[in-house]
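Participant: pasting the structure only:
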């Protein structure tokens with residue numbers, strides 16, 4: 001889990017460091033490879049768990065956090081200016097991975113009949129918020145597949161999980177207030193700028 005936090009911080013640092021483009025994209029690919037490997041190991045080691053309801057809170061949080069790190073990798077490619085068509089293609093690939101990671105988090109929430117408030121990791125709301133924020137910023141992604149995919153359904157599932165946690169988790173309550181306001185603004189047609197707030201989250 002600590003490795004995932006480091007990956008998030010490294011991805012942000014690499015986007016703001018002013019290093020040459022080649023170094024940035026090389027480092028980014030390396031981070032993605034490490035993260036993919038660790039996520040795969042985590043999935044394999046937790047495969048024996050019977051149900052999501054019975055999972056250890058730290059294990060559930062680790063699954064969520066790994067996917068949240070994938071989202072951060074995509075956000076940093078949006079912050080970093082593209083220098084070539086290759087970089088643009090790579091950024092699109094990272095964006096697709098992030099979208100899938102956010103949807104996976106929504107599916108994890110949906111697989112839980114009811115998120116156990118008292119067993120949830122206290123920082124789980126951060127990961128849920130990251131996924132919801134990304135899906136709100138990318139509600140429709142027809143460019144990824146021939147069949148249009150919508151993020152709105154996943155957003156509602158993630159917000160629902162935060163609602164379940166808000167009575168026992170102040171972080172969930174605070175994040176929910178902001179996310180619901182952002183969601184209302186987006187559905188009202190107001191221009192969306194919520195992704196610009198992602199870098200501040202690395203300071204938590």
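Facilitator: Structure received. A quick note: this is a predicted structure, and the numbers were derived from the prediction, not measured. Numbering: from 1, shown residues only.
Participant: Residue 187 and residue 79: what is the separation?
Facilitator: Distance of residue 187 to residue 79, given as Cβ to Cβ, to the nearest Å: 26 Å. Placement of C-beta: from N, CA and C, glycine included.
Participant: again but with residue 183, I slipped
Facilitator: In this structure, residue 183 lies at 23 Å from residue 79, with Cβ to Cβ as the measure.
Participant: More neighbours: those two, which one.
Facilitator: Between residue 183 and residue 79, residue 183 has the larger neighbour count (other Cβ atoms under 10 Å), namely 20 against 15.
Participant: shouldn't that one be in contact with residue 137?
Facilitator: No: because the distance of 10.9 Å does not satisfy Cβ atoms under 8 Å, residue 183 is recorded as not touching residue 137.
Participant: What mean pLDDT does stretch 80-88 get?
Facilitator: Model confidence over stretch 80-88, given as mean pLDDT, is 79.
Participant: which residues are contacting it?
Facilitator: Outside stretch 80-88, the residues within contact range by Cβ atoms under 8 Å, 6 or more residues apart in numbering are 15, 21, 24-25, 91.
Participant: List the buried residues for the top helix by length along the chain?
Facilitator: Taking DSSP state H as the criterion, the chain has its longest helix at helix 85-111. Residues of helix 85-111 classed as buried by neighbour count (16 or more other Cβ atoms under 10 Å): 87, 90-91, 94-99, 101-106, 108-109.
Participant: Can you check what angle separates the host helix or strand of residue 161 from helix 85-111?
Facilitator: Element membership for residue 161 (DSSP states H and E) is helix 152-165. Our comparison of helix 152-165 with helix 85-111, counting by axes from the mean of the first three to the mean of the last three Cα atoms, to 10 degrees, yields an angle of 50 degrees.
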